[in-house]
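**Student:** sequence unknown, structure follows:
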Ligand SMILES: Cc1cc2nc3c(=O)[nH]c(=O)nc-3n(C[C@H](O)[C@H](O)[C@H](O)COP(=O)(O)OP(=O)(O)OC[C@H]3O[C@@H](n4cnc5c(N)ncnc54)[C@H](O)[C@@H]3O)c2cc1C
């Protein structure tokens, strides 16, 4: 086991930490549905290009992905023994025929220790390696570890997958995604409503006299609008009979970094120049500002000025977004923050004014900075 240096105290029972709450707390039936979806989506690939599994599936009478329609068909799948993998690799060294993709798709190679038979080699794609890291990340998080904790791995590593995957999992980040849907229903407020639960937020925006837009932002996977909406029972009830008035549109994973906004004669504007998250409702304003700055820079004879302007415009919104994301990851901190803003609406108004650039950040004031620092340290 990795040696753990625990910086934070154990989580309270009410605050069991999840890496991907939606997935880890889904009802069993929903989980089995997702598991089947994943399994089934691999059948076409495997039957198409994996010689090892194709032969075995054909022998079991499975020639088409449609031969496996549901969990009831699971028992049709042939059992696999370690000896069969070893024999296959001995016959077609070094990796055998159990390969679904060309070799250049694989990004990691591992090997079993050989304690009870010949060592077996194993390849991982980018996607499967990410999956390993997520599995470990869930284990670490369930053990109460999070940002700020330090893990020491006193392993000899070698080619054993477990140690490397653990190390990868220790640095895995939850990815954030966004999805929006419009509903044909008269807005019940002229404000944007924000509902915030652990791992998922819902933003309700009145967009017309008879329409509201609902944007979901969440961490992890499992991004179906219906499943996300279930996490906000009040909102779900309100929208239950409202007809859907749009196609779902989404984006993610959010966090994208561009090394530079300008290279040679190419300039990047908006999300293409980098994006942190939609949590502050930012994005469009920045894209418009950058487009304007780019036009001014080009009219002035070059892109150098634009490169500097883009960096300048991004500094404040990206900082505020990062700060809010810290609250997104730490439910206790978030509750303290909301309680403080509820008690002190003027502080909230001032923060909003800074965010909207109605006033410069320097006008936030010492008192506000102290109160926010108090939220962070919990006093
Ligand atoms: C759920 C959600 C809610 C959000 N809410 C808000 C909000 O309330 N307020 C706000 O300001 N921002 C919000 N944002 C962020 C905002 O949508 C983006 O920051 C903004 O759209 C960025 O604009 P853009 O023009 O840079 O990129 P995009 O809007 O992504 O436009 C890029 C366009 O280029 C096209 N394209 C891509 N590749 C090619 C190609 N090779 N050839 C041709 N076309 C191509 C794409 O199809 C797309 O149409 C939200 C984002 C999400 C996901």
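**Tutor:** Yes, it's here. Just so we're clear, the structure is a prediction, and the values are computed from it rather than from any experiment.
**Student:** Quick check: chain neighbours aside, which residue is closest to residue 48?
**Tutor:** Spatial nearest neighbour of residue 48, chain neighbours left out: residue 54 (7.9 Å); criterion: C-beta to C-beta, 6 or more residues apart in numbering. Glycine gets a C-beta too; all of them are placed from N, C-alpha and C.
**Student:** OK, contacts around that neighbour?
**Tutor:** Applying C-beta atoms under 8 Å, 6 or more residues apart in numbering to residue 54 gives the contacts 46-48.
**Student:** out of those residues, who's nearest residue 277?
**Tutor:** residue 46 (35.7 Å; C-beta to C-beta).
**Student:** Tell me the spatial nearest neighbour of that closest one, not counting adjacent residues.
**Tutor:** Closest to residue 46 by C-beta to C-beta, 6+ apart is residue 53, at 4.7 Å.
**Student:** Tell me how far that neighbour lies from the ligand.
**Tutor:** Distance, residue 53 to the ligand, using C-beta to the nearest ligand atom, to the nearest Å: 35 Å.
**Student:** So which residues on the stretch 101-250 of the chain come close to the ligand?
**Tutor:** 178-180, 215 (C-beta under 6 Å from any ligand atom).
**Student:** Tell me the first helix or strand C-terminal of the stretch of helix or strand residue 34 belongs to.
**Tutor:** Secondary structure from DSSP states H and E places residue 34 in helix 28-49. Next along the chain after helix 28-49, taking DSSP H and E as the criterion, comes helix 51-59.
**Student:** Which residues are in contact with residue 190?
**Tutor:** residue 206.
**Student:** and it, which of the three is it?
**Tutor:** What DSSP: H, G, I helix; E, B strand; the rest coil gives for residue 190 is coil.
**Student:** quick thing: my sequence starts at 36, can you match it?
**Tutor:** Yep, numbering from 36; the last one is residue 225 now.
**Student:** On the pLDDT front, check it for me.
**Tutor:** Here, the pLDDT recorded for residue 225 equals 94.
**Student:** Ramachandran angles for it?
**Tutor:** phi -90, psi 10 (degrees, to the nearest 10).
**Student:** for the chain, which spans come out with low pLDDT?
**Tutor:** Along the chain, segments meeting pLDDT under 70 span 36-51, 256-257, 414.
**Student:** repeat that with 50
**Tutor:** Within the chain, the segments meeting pLDDT under 50 span 44-49.
**Student:** show me the contacts for residue 52.
**Tutor:** Taking C-beta under 8 Å, 6+ apart, one finds 46, 176-177, 179, 181 in contact with residue 52.
**Student:** would you turn those into CSV with neighbour count?
**Tutor:** Shown next, in CSV, are the contacts of residue 52 (neighbours: other C-beta atoms under 10 Å):
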residue, neighbour count
46, 17
176, 21
177, 14
179, 16
181, 16
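**Student:** And the residues you listed, which two are furthest apart?
**Tutor:** 177 and 181 (10.8 Å).
**Student:** Out of the contacts of residue 89, which end up buried?
**Tutor:** Buried members of the contacts of residue 89, counted by 16 or more other C-beta atoms under 10 Å: 81-82.
**Student:** Now tabulate the contacts of residue 89 in a markdown table and tack on distance to the ligand.
**Tutor:** Formatted as a markdown table, the contacts of residue 89 follow (distance: C-beta to the nearest ligand atom, whole Å):
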| residue | distance to the ligand |
| --- | --- |
| 81 | 31 |
| 82 | 32 |
| 83 | 28 |
